[in-house]
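Q: for reference, the sequence and a predicted model appear below.
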Amino acid sequence: MRRRLFLAAAAVSAACSRLPKRVLVPVPPEAVGEWRRSAMETHDPAGAPPDAARLKPEQWVRAAYVNGQRSIGVSAFGFSSDASAFELQQRWNRGGGDVTYQRKSIFVVCNSPTEPTAALIEFIRMLEKSWP
Amino acid sequence: MALNGVKRETAANRFFQISVWVMLASGYLAIAGSGALDIPSVLVTGAALLLRALVLAGVVKLNIPERAPGIASLVYILFFPIDYHYLSRDLIQSTIHLILFLAVVKILTASSSRDHLFLGVIAFLQILSAAMFSLSLSFFFFLVAFLVSAIASMTSGEIRSSSAGRRMATAASARLPRKLMWLTAILTTGVLLLTGGLFLILPRTARAAFERFARPGDRVTGFSREVTLGQMGELRKPSRAVMHVYFDPGPPRKHFYWRGVALSEFNGWKWYNSPEPPKLLQARQDILTLVDDDQLRRSGGPRINYEVVLHTRPSEALFVAGLAERMRVPNSLVWLTEGGGLRVPFNDDTNYRYSVYSYFGGPDAQDFLGYTRLPEQVRNYNLLLPPVDRRILDLAKRLTSGHQDDLSRARAVESHLLTQYAYSLAPLEKEADDPLAHFLFERRKGHCEYFASAMAVMLRASWIPARVVTGFNQGANNPLTGLHVVRASDAHAWVEAWIPGRGWTVFDPTPGNLDEGRDLMSRMSMWMDAVDVFWQEWVIGYDLDRQLTLAFRIGQSSREKLTLPHLGQWWKRVRESMRVQGPVVSPRLGWLLVPAALAAVALLLARQYRRRLLRRAARGEITPSEAALLYRRFLAMLRKRGVVRGVSATPIEFAKSIASPALAGPAMEFTLAYNELRYAGRLEASARMAELLDRIERTP
């Protein structure tokens, strides 16, 4: 009986130690091609857009990139699991011309008041190579 | 003086020897009374002085071989490391032991003029040490005794040395000691007048002179609204005192920092704060309240009151330890800056004083439960990152991965810097494009602001709000002055990170920082600091206020000590001391016994002197002037038997007037012998005088 208890405790302990560690959103790169990062800030995840807030992200980071008068906004949401990030990738409303991608537990969305979708796609391809 | 081929001490020589002994005794009593000496030192030195007194009185003769003092000193010097490491375990204490031992050797063996000069120097060092240790009124009495005896030693020493070899006739004069006493009194008065004048004039001129001639760079310590990487290393090099602090009831037990300025913006080589309008603090009845009511109501955790004297104003910043709750400053205009720093603008006073009441308890999770996230604006302000080397971000990611919360992430970064890098005050050999990356990946050593910057940047890269704080390490308590001294070399930079549930939390990633200040140089600097404080407080800053304070303190002390309630309490304490300690003499009771012991020694010495005089008289060795002493003894014996000499009666008339047949004969014989010795110089009469005195004493 005592041996079983010991084995059960060891199994629980091993399982807990293998729980996925919370991954932080890395700092957005300073430059993406010719685009330079001009601002970076974090926000309370509780105030995230409804699609994201429903999945309870742990982090919400925003950055702005500029190239002359042109600008692109980047938001990244960090989740405690890959599944949540994937879920948001599926559900995100892209009606506003947003371009998104997901890698592991992080979901990234880009939009711009000045750039057409093609330019955003080009930007996000470059961004995806180095971040997150 | 030599008479009948027998070597005799001259009066001047005797006066000199006694004066030197009084010098030593006053120095010894002053330092022993300060409580700075341990019991063995008090006993050994006291015994040596007593023995010296007995030798001077002729009661004891010491025959110490010539080599013995040298060998004893050598042996003690070899013993010194043992005392330092195993017995005293304190450099100052063991050094005092060494000096006292050498003094004891010299006290017991002094014979030449040089030896006596050495004894004078020892006595001076004792009184100087006592001046630093002692705050009691008794010190002034010992100081006066020292001063009088020092002047007496100098005057009689001069006569002694000039008469050596020439045997001046005046040396035998019985009036010489009296003349010397007068000379001593006049010189002492002159010295007191001169020094009094100096102390009145100097305070009004010295400060102005120092301020006029001091180089501007000497006063700049360098804390402002920005810190450039590499600057703190330069600040740490000088070791002059920046501030002295008096803690009531005592300094905090755990390590603490003197917080000055918190800096939140970093451009890769400099920390700074953008100019923001500061918040003006309003004092109520001269008291500033710096925290909210919740903090003031908070129980648990020690609160300590302390007064800071900031000698040089490094900037407009004020430095506080712990969480400052209330504060009293001499200015009405105090600004609270971004990051919680305090500034007093438009004021560059030296020796700026302010009092603070601080909370020194640890963070209490209960206080921050409803405040787990900083306001977004403050949070993002403390997350600002300049363009930094990609390797720094990667290192931050590697160090923090696998940790579940911000506290453990911050500790991981702190631990990495503490263990993988070395501390160095050396400046960079060459200019680096990215000083932080150069520090982290190439040089791997630096001083505090490199460590603090690296940690703050890596924390920000991990989304933990962090800022660099500049100020001073806690400093050290100086046992000689009782003040906490903070030096320029204590200048320091550390990190404050926002940890949910704990608030702004201090992290210090600089290795080898806490153990500084325990080396030999530091201990020596305590002495220097004590001398400096003494100079600053009692010479430079000895203004009218201080004089009045001192006079008030002395007056109050003497008045209090002479009142019946005080004497009653004193007697109660003595009785309690005796009751509690039983047969063991308490230090307080021991001090009561000192005057009694001194009086007993004086009586013993006087008795011994009389016996010695009679013995010498019996041997026919006394001088005509000493015959007067025997005659006075004769008069005292008769007075005890009711026979009193009239004021106008000559010795012969007095002897004739004695009615008692048992006394009349011996008295007349004694008077005739006295006249022969005193006025005719017949030395053989002295033996008869001694014999007759003995007979008169035995007559009922």
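A: Cool, got the structure. Numbering: from 1, shown residues only, chains lettered A, B, ... in the order given.
Q: next SSE downstream of the strand or helix carrying residue B:258?
A: Following DSSP states H and E, one finds residue B:258 within strand B:257-263. Following strand B:257-263 in sequence order, the next helix or strand is strand B:265-266 (DSSP H and E).
Q: hmm, back to that, dump the strand holding residue B:258 to CSV, restricted to CA.
A: In CSV, the C-alpha atoms belonging to strand B:257-263 read as follows (Å, rounded to 0.1, in the frame of the first residue of the first chain):
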residue,chain,number,x,y,z
TYR,B,257,20.5,51.2,1.4
TRP,B,258,20.4,55.0,1.3
ARG,B,259,18.0,55.6,-1.5
GLY,B,260,18.6,58.7,-3.6
VAL,B,261,17.3,58.9,-7.1
ALA,B,262,15.3,56.3,-9.1
LEU,B,263,16.1,56.4,-12.9
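Q: each with direction, which strands does that strand pair with?
A: Taking DSSP bridges as the criterion, strand B:257-263 pairs within the sheet with strand B:320-321 (antiparallel), strand B:466-473 (antiparallel).
Q: tell me where the model's unsure across chain A.
A: Applying pLDDT under 70 to chain A picks out residues A:1-23, A:94.
Q: next: the stretch 301-450 of chain B.
A: Using pLDDT under 70, the stretch 301-450 of chain B drops low at B:312-315, B:346-350, B:362-372.
Q: got the buried residues for the strand holding residue B:258?
A: Neighbour-count burial for strand B:257-263 flags B:257-263 (criterion: 16 or more other CB atoms under 10 Å in any protein chain shown). Placement of C-beta: from N, CA and C, glycine included.
Q: so which of the strands paired with strand B:257-263 is the most packed in?
A: Among the strands paired with strand B:257-263, ranked by average contacts under mean count of other CB atoms under 10 Å in any protein chain shown, first place goes to strand B:466-473 (a mean of 26).
Q: okay, and the beta partners of residue A:74?
A: With DSSP bridges as the criterion, residue A:74 is bridged to residue A:63, residue A:110.
Q: ok, back up a step: nearest to residue B:665, of the strands paired with strand B:257-263?
A: Between residue B:665 and the strands paired with strand B:257-263, the shortest gap by CB to CB is with strand B:320-321, which sits at 88.8 Å.
Q: outside of the closest one, which residues touch it?
A: B:252, B:256-259, B:306, B:327, B:342, B:356, B:358, B:360, B:474 (CB atoms under 8 Å, 6 or more residues apart in numbering or on different chains).
Q: and the next element down the chain from that strand?
A: strand B:323-328.
Q: chain center to that next one: distance?
A: When C-alpha coordinates are averaged (CA atoms, centre = their mean, to the nearest Å), strand B:323-328 and its chain have centres 30 Å apart.
Q: for stretch B:29-36, C-alpha coordinates in CSV please.
A: C-alpha atoms of stretch B:29-36 as CSV (Å, rounded to 0.1, in the frame of the first residue of the first chain):
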residue,chain,number,x,y,z
LEU,B,29,41.7,58.0,35.0
ALA,B,30,40.3,59.9,32.1
ILE,B,31,40.5,57.0,29.6
ALA,B,32,39.5,54.4,32.2
GLY,B,33,36.5,56.6,33.2
SER,B,34,35.3,56.6,29.6
GLY,B,35,34.7,52.9,29.8
ALA,B,36,36.8,52.3,26.7
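Q: same question for it, mean pLDDT?
A: What stretch B:29-36 shows for mean pLDDT is 78.
Q: where does the residue in the stretch 201-350 of chain B that chain A sits nearest to land in three-state SS?
A: As assessed by CB to the nearest CB, chain A sits closest to residue B:268 within the stretch 201-350 of chain B, at 11.5 Å. In three-state terms, and counting by DSSP: H, G, I helix; E, B strand; the rest coil, residue B:268 is coil.
Q: can you list phi and psi of it for me?
A: According to degrees, to the nearest 10, the main-chain angles of residue B:268 amount to phi 100, psi -30.
Q: quick check: residues of chain B near chain A?
A: Within reach of chain A by CB under 8 Å from any CB of the partner chain, chain B has these residues: B:373, B:376, B:379-380, B:383-385, B:387, B:393, B:397, B:400-404, B:461-463.
Q: turn the buried residues of strand B:257-263 into JSON lines, columns for pLDDT.
A: Below are those laid out as JSON lines (pLDDT from 0 to 100):
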{"residue": "B:257", "pLDDT": "90"}
{"residue": "B:258", "pLDDT": "90"}
{"residue": "B:259", "pLDDT": "89"}
{"residue": "B:260", "pLDDT": "87"}
{"residue": "B:261", "pLDDT": "85"}
{"residue": "B:262", "pLDDT": "88"}
{"residue": "B:263", "pLDDT": "89"}
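Q: and the furthest pair within those?
A: B:258 and B:263 (15.6 Å).
Q: can you put the buried residues of strand B:257-263 in JSON lines and add distance to residue B:320?
A: Formatted as JSON lines, these follow (distance: CB to CB, whole Å):
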{"residue": "B:257", "distance to residue B:320": "10"}
{"residue": "B:258", "distance to residue B:320": "7"}
{"residue": "B:259", "distance to residue B:320": "6"}
{"residue": "B:260", "distance to residue B:320": "8"}
{"residue": "B:261", "distance to residue B:320": "12"}
{"residue": "B:262", "distance to residue B:320": "12"}
{"residue": "B:263", "distance to residue B:320": "17"}
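Q: just the closest residue of chain A to chain B, please.
A: With CB to the nearest CB as the measure, residue A:41 is the residue of chain A nearest to chain B, at 4.1 Å.
Q: show me what that residue is bridged to.
A: Listed beta-bridge partners, residue A:41: residue A:62 (assigned using DSSP bridges).
Q: thought residue B:646 was touching residue B:654?
A: Yes. Here residue B:646 reaches residue B:654: they are 7.0 Å apart, a contact under CB atoms under 8 Å.
Q: give me the angle between the helix or strand hosting residue B:457 and strand B:257-263.
A: According to DSSP H and E, residue B:457 maps onto helix B:448-461. Compare the direction of helix B:448-461 with that of strand B:257-263 by axes from the mean of the first three to the mean of the last three CA atoms, to 10 degrees and you get 60 degrees.
Q: mind listing what the closest residue to chain A within chain B touches?
A: Nearest to chain A in chain B, going by CB to the nearest CB, is residue B:380, at a distance of 4.1 Å. Applying CB under 8 Å, 6+ apart, we find residue B:380 in contact with A:41-42.
Q: any buried residues in the helix or strand hosting it, and which?
A: For residue B:380, the host element (DSSP H and E) is helix B:376-381. Within helix B:376-381, the residues scored as buried using 16+ other CB under 10 Å are B:379-381.
Q: assign the closest residue in space to the residue of the stretch 201-350 of chain B closest to chain A that isn't next to it in sequence to helix, strand or coil.
A: Once flanking residues are discounted, residue B:268 sits nearest to residue B:386: 4.6 Å by CB to CB, 6 or more residues apart in numbering or on different chains. Recorded secondary structure, residue B:386: coil (three-state DSSP).
Q: count the neighbours of residue B:386 for me.
A: 15 (other CB atoms under 10 Å in any protein chain shown).
Q: help me confirm that it comes into contact with residue B:267.
A: Yes. Residue B:386 is in contact with residue B:267 according to CB under 8 Å; the separation is 5.1 Å.
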